[in-house]
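Visitor: For reference, the sequence and a predicted model appear below.
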Amino acid sequence: MSQADHDRLLFVTASAPLTLREEAFVQDELTEMVRLGVSFEVAPMRRRLASPNAAAVESGLADRVHNHGIFDLQILVGALGQLVSHPVRVTKLLITVVMQAGGRRNALTNILSFPKALWLGGTANKNRVSHIHAYWLAHTATTAMIAAELAGCRWSASGFRWDIDANNCLDSKISRASFIRVADEFGQQLIIARAASLRVEVPIVLIRTGVDIPDETSTVEEVLRNFCCAGAFVEKKAQRLLVDAFAAVRAIHPQARLELFGDGELRQQVEDHVNRLGLAGAVTFHGTVPLEELRRHLRRRPITVLPSIITEDGQQEGIPVILIEAMANRSPVISTHTGAIDHLVTEGCGVLVDPGSCDDLADAMRRVLEEDSAEIDAQCERAYQRVGTEFRLASTAARLVDLCRSNSGPD
């Protein structure tokens with residue numbers, strides 16, 4: 001980190017650290033920046049909590065947070081001040097984020113975010129922010145783009161998967177950002193192709209989603225001969241397919257259990273399916289839990305399964321954080337050849353099958369369940385070494401900070 005200490009960064013998040021469950025990996029990255037001694041502020045767009053969570057308070061991250069709701073009086077007064085001071089510029093920005101939103105939902109989120117974006121522009125200017133970085137390419141990046149335009153500084157964004165697919169003013173963001181960080185090769189290819197179609201030369205930088213890798217000397221517990229799946233209950237995660245595969249496995253191994261973490265629009269459908277199959281006693285729905293609780297479960301080394309598919313409208317995974325976390329905790333992993341998962345679970349580090357096949361998934365689950373423990377340990381050790389090379393939180397956070405600092409200053 002070679003830039004001068006006076007460089008001050010501003011990070012825009014969806015809700016971290018004003019939340020207990022969302023954006024855990026974002027909070028981890030910001031917390032690591034606190035440890036690195038980086039000078040920065042955080043502006044969450046929404047408040048899930050009235051104040052930063054306990055982990056943020058303990059780490060000191062809470063001291064960097066602008067804790068204001070979208071329609072707080074301070075926000076509205078600041079937005080009005082920007083409108084009065086820069087009426088033409090503000091009007092043009094509003095037209096851009098509505099007309100180029102790519103859909104009604106995007107337009108609505110941009111309109112709701114607009115007052116806070118105006119206020120943030122004034123705040124960034126007052127606090128002499130040198131660079132604004134948004135997590136996600138959706139409404140958070142819309143906010144960063146507007147705020148940077150008003151503050152006269154440069155900005156950037158981290159794009160993952162759903163937010164790229166959301167296509168929220170994506171052309172404008174690619175054209176105006178100083179760089180875009182992506183977490184996987186699949187997302188990188190999508191943004192590079194989009195930039196090429198616009199004839200825009202913008203750095204598209206691959207920086208992995210980092211996790212806190214346990215020390216090599218940490219105790220490795222016995223493999224828990226149960227299955228675990230964590231993720232939102234949405235179509236591409238394919239939890240119902242996993243339940244079908246688990247039913248086939250349990251017919252041979254009646255002691256097997258499946259533990260599901262997460263919530264979402266399809267959870268009730270999956271619960272109903274579990275009940276129809278008579279598996280209620282063997283499947284546990286934990287809901288969404290804090291990341292540290294999930295990590296405690298992973299340290300027991302269950303067989304972590306993520307049966308992701310490619311949906312009819314083309315949605316698929318990038319590199320799921322749950323697989324990185326599982327490998328970091330030496331939990332055996334089973335997943336599918338979708339998105340960028342192959343770039344994480346390389347040969348010898350886990351089992352990958354073709355997406356959408358219940359038979360192939362069940363066969364893989366049986367094989368891992370029945371595998372010799374020494375071979376499982378060797379596979380898990382290779383997986384642990386794999387994530388340690390590219391997905392270590394201290395390295396990924398430092399790289400992002402260096403990139404923001406090297407792109408600091410007036411726009």
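Guide: Sure, I can see it.
Visitor: Every contact and neighbour count from this point should use C-alpha atoms.
Guide: OK.
Visitor: Which strands and helices lie in contact with the helix ranked longest in the chain?
Guide: When the chain is parsed with DSSP state H, its longest helix is helix 104-126. Applying 3 or more Cα pairs under 8 Å, 6 or more residues apart in numbering; DSSP states H and E, one finds that helix 104-126 makes contact with helix 73-85, helix 87-99, helix 139-151.
Visitor: quick one: residue 281 from residue 256, how far?
Guide: Distance, residue 281 to residue 256, using Cα to Cα, to the nearest Å: 11 Å.
Visitor: So these two - more neighbours on which side?
Guide: More crowded of residue 281 and residue 256, by other Cα atoms under 10 Å: residue 256, with 17 against 10.
Visitor: what sits against the more buried one?
Guide: By Cα atoms under 8 Å, 6 or more residues apart in numbering, the contact set of residue 256 is 225, 226, 227, 249, 250, 282.
Visitor: my read is the first one is in a helix, agree?
Guide: No - secondary structure assignment (DSSP: H, G, I helix; E, B strand; the rest coil) places residue 225 in coil, not in a helix.
Visitor: I figured it hits residue 331, correct?
Guide: No - using Cα atoms under 8 Å, residue 225 is not in contact with residue 331, being 10.6 Å away.
Visitor: which residues are common contacts for the two?
Guide: Common contacts of residue 225 and residue 331 (Cα under 8 Å, 6+ apart): 302, 303.
Visitor: out of the two, which sits in the more crowded spot?
Guide: Using other Cα under 10 Å as the criterion, residue 225 and residue 331 rank with residue 331 on top: 33 against 17.
Visitor: Would you confirm that that one contacts residue 299?
Guide: Yes - between residue 331 and residue 299 there is a contact at 7.3 Å, judged by Cα under 8 Å.
Visitor: Contacts only, for residue 291.
Guide: Residue 291 touches 21, 24, counting by Cα under 8 Å, 6+ apart.
Visitor: Would you mind measuring from it to residue 111?
Guide: For residue 291 relative to residue 111 (Cα to Cα), the value is 32 Å.
Visitor: same question, residue 311
Guide: As for residue 311, its distance to residue 111 is 29 Å (criterion: Cα to Cα).
Visitor: Residue 304 too?
Guide: Counting by Cα to Cα, the gap from residue 304 to residue 111 is 40 Å.
Visitor: Compare those two (neighbour count), which wins?
Guide: Neighbour count, other Cα under 10 Å: between residue 304 and residue 111, residue 304 has more, with 26 against 19.
Visitor: what's the neighbour count on residue 197?
Guide: Other residues lying near residue 197 total 10 when counted by other Cα under 10 Å.
Visitor: Could you say which helix or strand holds it?
Guide: In this assignment (DSSP states H and E), residue 197 forms part of helix 185-198.
Visitor: How about residue 157?
Guide: Judged by DSSP H and E, residue 157 forms part of strand 154-159.
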